[in-house]
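Enquirer: coordinates only, sequence not included:
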């Protein structure tokens, strides 16, 4: 009633404070869902106060996007909406109701974005999604949109051959977190903002601003082969692999470094040779950071130009593919790298580089870039993470070995390992069932 203005409210409130109070209880207790529907419909019946009626419809729109009524109440809600189909929100509420019946109930109250949208009389919510090549596009997101649907929608628009291995990521504060496929998009963002709010105290009565960005990127590289999907190579694979290469995480030969630098130059400038004079100033953008001092700037320039001239006439896209085909040969292609501190195993350096990729978990010497050990996913029996650590057990729990790492990125390592192992188990199950069917 406060939301609809029928009951005076003594103070100004944040946009979704009242909607939280209305819907939170119902999302935790099933019987309250019908109670909410009944209350809203009752308030909308013969309500002659225009403002109150409009606010009531806003609530009904939000409610139909969160959960369906019980089977007993459903025909009454449908009848209510059909009898008021002249109202601009009634058809949309009916559609939202059908989607809620199909997709199930949300876990959290409406996100601020949803409440603001309906208060501004818009039933379409467009969300900006950022890509690794520094472009972005707006996509429609509904209250019932799950991460998997969102990914399929994006990969269709970007003309990718498959959405396999791709994921949505939400960047909020100093964290970038992958959205699980089965989660409702707005539920996940709501859960994330609530979690970060709790972790950050309110200073001088000011709630910290929690703006977020949504990214779409390749997460699991199991079946990634350069040349198989040119759009994926051009927009995602090249731009995701390049920064890792320039940070010096891979082991590579001097000849490969010259070749790759020439290809990176070609991606930047294509056939334009006028930038050759600036090569010595842009080495950080062309050569892994730990290798720059191996040669003088003039020697670098000479070698890079010589390689560049061998690829005359190649386009920007062809150069990206050639870059990926070289990096693809390395065992560390498609890795997520983590610099950690370990004190468990005296045979390994204290500062370790951990690579998680399709082969498993590799331990790398950060100085020599030698792979000291690779633990395939089938040998990993347990792992856990917290704000400051990541622990992993190899082999069985009785005779297995443990590696304890200090890192602030444990949540990312945990999620990636979980996702790769889940993908592996799904593939194994499919193979077993197809073998069973072919017998």
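Expert: Yes, it's here. Just so it is clear, the structure is predicted and the values come from calculations on it, not from any experiment.
Enquirer: now do the same end-to-end measure for stretch 215-226.
Expert: One end of stretch 215-226 to the other measures 22 Å (CA to CA, to the nearest Å).
Enquirer: Flag every buried residue along the lengthiest helix in the chain.
Expert: When the chain is scanned for its longest helix (criterion: DSSP state H), the result is helix 410-438. In terms of neighbour count (16 or more other CB atoms under 10 Å), helix 410-438 has its buried residues at 410, 411, 412, 413, 414, 415, 416, 417, 419, 420, 423, 424. For every residue, glycine as well, the C-beta is placed using N, CA and C.
Enquirer: could you dump those residues to a markdown table with distance to residue 132 and pLDDT?
Expert: Converted to a markdown table, these look like this (distance: CB to CB, whole Å; pLDDT from 0 to 100):
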| residue | distance to residue 132 | pLDDT |
| --- | --- | --- |
| 410 | 24 | 95 |
| 411 | 21 | 94 |
| 412 | 17 | 95 |
| 413 | 21 | 96 |
| 414 | 23 | 96 |
| 415 | 19 | 96 |
| 416 | 17 | 97 |
| 417 | 22 | 96 |
| 419 | 18 | 96 |
| 420 | 20 | 96 |
| 423 | 21 | 92 |
| 424 | 25 | 91 |
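Enquirer: between the residues you listed, which is closest to residue 398?
Expert: Nearest to residue 398 among the buried residues of helix 410-438, counting by CB to CB, is residue 417 at 21.3 Å.
Enquirer: helices or strands up against the strand or helix carrying residue 129?
Expert: Assigned by DSSP states H and E, residue 129 falls within strand 126-130. In terms of contacts (3 or more CB pairs under 8 Å, 6 or more residues apart in numbering; DSSP states H and E), strand 126-130 is packed against strand 136-140, strand 212-218.
Enquirer: Name the residues of the shortest one that come out as buried.
Expert: With burial defined by 16+ other CB under 10 Å, the residues of strand 136-140 counted as buried are residue 139.
Enquirer: in its sheet, what does that strand sit against?
Expert: strand 126-130 (antiparallel) (DSSP bridges).
Enquirer: Please enumerate the strands of the stretch 251-400 of the chain.
Expert: Counting by DSSP state E, counting those that start in this stretch, the stretch 251-400 of the chain has these strands, from start to end: 336-342, 351-357, 360-364, 371-375, 380-385, 389-394.
Enquirer: Any chance of those strands in JSON lines with mean pLDDT, distance to residue 62 and mean neighbour count as columns?
Expert: Shown next, in JSON lines, are these (pLDDT from 0 to 100; distance: least, CB to CB, whole Å; neighbours: other CB atoms under 10 Å):
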{"stretch": "strand 336-342", "mean pLDDT": "97", "distance to residue 62": "38", "mean neighbour count": "18"}
{"stretch": "strand 351-357", "mean pLDDT": "97", "distance to residue 62": "40", "mean neighbour count": "21"}
{"stretch": "strand 360-364", "mean pLDDT": "97", "distance to residue 62": "44", "mean neighbour count": "22"}
{"stretch": "strand 371-375", "mean pLDDT": "96", "distance to residue 62": "47", "mean neighbour count": "16"}
{"stretch": "strand 380-385", "mean pLDDT": "94", "distance to residue 62": "35", "mean neighbour count": "16"}
{"stretch": "strand 389-394", "mean pLDDT": "94", "distance to residue 62": "39", "mean neighbour count": "19"}
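Enquirer: Indicate which one of those strands is closest to residue 39.
Expert: The nearest among the strands of the stretch 251-400 of the chain, by CB to CB, is strand 380-385 at 42.8 Å.
Enquirer: Residue 195: neighbour count?
Expert: By the criterion of other CB atoms under 10 Å, residue 195 has 13 neighbours.
Enquirer: where exactly do the helices run in the protein?
Expert: 17-28, 30-44, 50-66, 74-82, 90-103, 112-119, 147-157, 185-199, 230-232, 238-246, 254-269, 297-310, 316-328, 410-438.
Enquirer: Dump the ones you listed to JSON lines, plus distance to residue 351.
Expert: Listed next are the helices of the chain as JSON lines, based on distance: least, CB to CB, whole Å:
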{"stretch": "helix 17-28", "distance to residue 351": "45"}
{"stretch": "helix 30-44", "distance to residue 351": "52"}
{"stretch": "helix 50-66", "distance to residue 351": "48"}
{"stretch": "helix 74-82", "distance to residue 351": "60"}
{"stretch": "helix 90-103", "distance to residue 351": "46"}
{"stretch": "helix 112-119", "distance to residue 351": "41"}
{"stretch": "helix 147-157", "distance to residue 351": "35"}
{"stretch": "helix 185-199", "distance to residue 351": "27"}
{"stretch": "helix 230-232", "distance to residue 351": "33"}
{"stretch": "helix 238-246", "distance to residue 351": "18"}
{"stretch": "helix 254-269", "distance to residue 351": "23"}
{"stretch": "helix 297-310", "distance to residue 351": "28"}
{"stretch": "helix 316-328", "distance to residue 351": "24"}
{"stretch": "helix 410-438", "distance to residue 351": "16"}
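Enquirer: What's opposite the spatially most central residue of the chain in the beta bridge?
Expert: The chain has residue 169 as the residue nearest its centroid, 1.6 Å off, counting by CA atoms, centre = their mean. Under DSSP bridges, the beta-bridge partners of residue 169 are residue 178, residue 215.
Enquirer: still on that earlier bit, of all the helices of the chain, which one is nearest residue 342?
Expert: Of all those, helix 410-438 comes closest under CB to CB, at 12.7 Å.
Enquirer: What angle do strand 380-385 and that closest one make with each other?
Expert: With axes from the mean of the first three to the mean of the last three CA atoms, to 10 degrees applied, the angle from helix 410-438 to strand 380-385 works out at 150 degrees.
Enquirer: Touching, residue 374 and residue 362? I think so.
Expert: Yes. Under the criterion of CB atoms under 8 Å, residue 374 makes contact with residue 362 at 4.4 Å.
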